[in-house]
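*Asks:* Pasting the sequence and the predicted model now:
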Amino acid sequence: MDVMKTGSWASILGIYLFGVCGASTVSKIIPLGGDLAHWFDLGPAHFGWLVSLIAVPAALLAIPSGMVVDRFGPRIVLLCCALLGITANVIYSFAPTMLMLQVARLLEGTVIVHMYTAGPALLMATTEGKRRTTAMTIWATYMPVGTAVGLTIGGLFAETQGWRLTFACHGALYLAAGLLGLLQPDVKVRHPSAKPGLAAQILDLRAAYARPGLLLLGLAFFLMISMGLGANVTFPRYFSRAHDISMASASQMVAMATLVMVPGSLFAGLVLSRGLSQQMLFTLLGVVGFVVGILSFFPHLDIPVRYMVLGGWFFASGAAIAVLLATLPVVAEPQRRGAATALINQAGALATFVNPPIWLTYAEGTDWTPFAVLLGTGWSIAIAAMWLLALNAAKNRVTAPSA
């Protein structure tokens, strides 16, 4: 049953909702740290590991997810993801033990890695020309929008007896996406032999790891996701204590500011189209991002000023991530772009897994200087990686004619 017209706005926005579901999966649990600590005796570091557990399937299933989508088609995969997403939220809603929460988190990780593969695949299969460009541009905003949605949902019920209603709301979001998915146009599934098998794709990934340019880009992406996610999981609780406001109010503050990543990404695309190099723009964003980043953690700020520096942080980080993604096609050979994308995805998954426990542990203290050190180190190494990447690309251009 498919009643949506191929490439229609209804179809595009229906697919986009799956991306929002995925991104909100990561962030919905962040405002619930206090509730989980109360009901499951969960310390900051253990809560951080629960947040990051979602990245384990992403790291392991990046390549197999592409094969699953090729085998069954993106529409079927998205529908299965909606069903599993609802199942995970049901488990959350009734989980009596920490083990069941971890099972739900791993299930959600499996869901989002397949959604992030199937969503763009269905968009590209059902659109073309300028409509495809517009559709992919819209899809690129799912992360900040979904993060804001997750923080808002979690914040609504945080520190209340009904904190588990967070999962009922998120399950309803998955249900809406699934119902719209039933109406999506179906696309023909390519024969499995039309694409390389798992072994060939793993070899491509290994070859990607041997490319200095891709490794440098992967390092920069790892650091950007580390700083972005680390700050995101820390901000609500940190602001709640700094301004003596509820977790709901603090989460809403962060949710609103997160949306500034969207104009940040558009700004990066506009500036790059005017001819400024990726490494120069990234450096400028790094300087701005470091300043507004440490100010975001400065304890003695009024709320209006906090909003301003927080918006600056999300603008700079959103633009910086857009620069890195714009650099990917430049450093990846056409025949290895799939493997290069898998490498970048694995770098993001590793950052998601490692950082929440570190940042949340520091957030329990009153000293803001560790965050300045983390941000300063992260931006410095990322900027250095971008300049080394540019030097490596220039070297390859010089040696190419004689090769």
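*Replies:* Yes, it's here. Here the structure is a predicted model, which is why all the values come from computation and not from measurement.

*Asks:* Let me know the helix or strand that residue 271 is in.
*Replies:* Assigned by DSSP states H and E, residue 271 belongs to helix 261-273.

*Asks:* pull the CA atoms of that helix into CSV?
*Replies:* In CSV, the C-alpha atoms belonging to helix 261-273 read as follows (Å, rounded to 0.1, in the frame of the first residue of the first chain):
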residue,chain,number,x,y,z
MET,A,261,23.0,24.4,14.1
VAL,A,262,20.7,24.5,11.1
PRO,A,263,21.6,28.1,10.0
GLY,A,264,25.2,27.3,11.0
SER,A,265,25.2,24.5,8.4
LEU,A,266,23.6,26.7,5.8
PHE,A,267,26.2,29.5,6.6
ALA,A,268,29.1,27.1,6.0
GLY,A,269,27.6,26.0,2.6
LEU,A,270,27.2,29.6,1.6
VAL,A,271,30.7,30.6,2.5
LEU,A,272,32.3,27.6,0.9
SER,A,273,30.4,28.3,-2.3
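
*Asks:* hey, which helix or strand in this structure has the poorest pLDDT?
*Replies:* Lowest by mean pLDDT, DSSP states H and E among the helices and strands of the chain is helix 198-209, with a mean of 62.

*Asks:* Beyond that helix, next helix or strand please.
*Replies:* Immediately after helix 198-209, counting by DSSP H and E, sits helix 212-242.

*Asks:* what's the angle between the helix or strand following that next one and helix 212-242?
*Replies:* Downstream of helix 212-242, the next assigned helix or strand under DSSP H and E is helix 247-258. Orientation of helix 247-258 against helix 212-242 (axes from the mean of the first three to the mean of the last three CA atoms, to 10 degrees) gives an angle of 140 degrees.

*Asks:* any idea of the mean pLDDT for helix 247-258?
*Replies:* Mean per-residue pLDDT for helix 247-258: 91.

*Asks:* returning to what we had before: and the helix holding residue 271, what's buried?
*Replies:* 261-268, 271-272 (16 or more other CB atoms under 10 Å). For the C-beta atoms, the positions are set from N, CA and C on the backbone; glycine is no exception.

*Asks:* ok, now which ones touch residue 271?
*Replies:* residue 281 (CB atoms under 8 Å, 6 or more residues apart in numbering).

*Asks:* Can you tell me the centre-most residue of the protein?
*Replies:* residue 143 (5.3 Å; CA atoms, centre = their mean).

*Asks:* ok, now which ones touch the closest residue in space to residue 143 that isn't next to it in sequence?
*Replies:* Closest residue to residue 143 apart from its sequence neighbours, by CB to CB, 6 or more residues apart in numbering: residue 23 at 4.9 Å. Contacts for residue 23 (CB under 8 Å, 6+ apart) come out as 142-147, 149-150.
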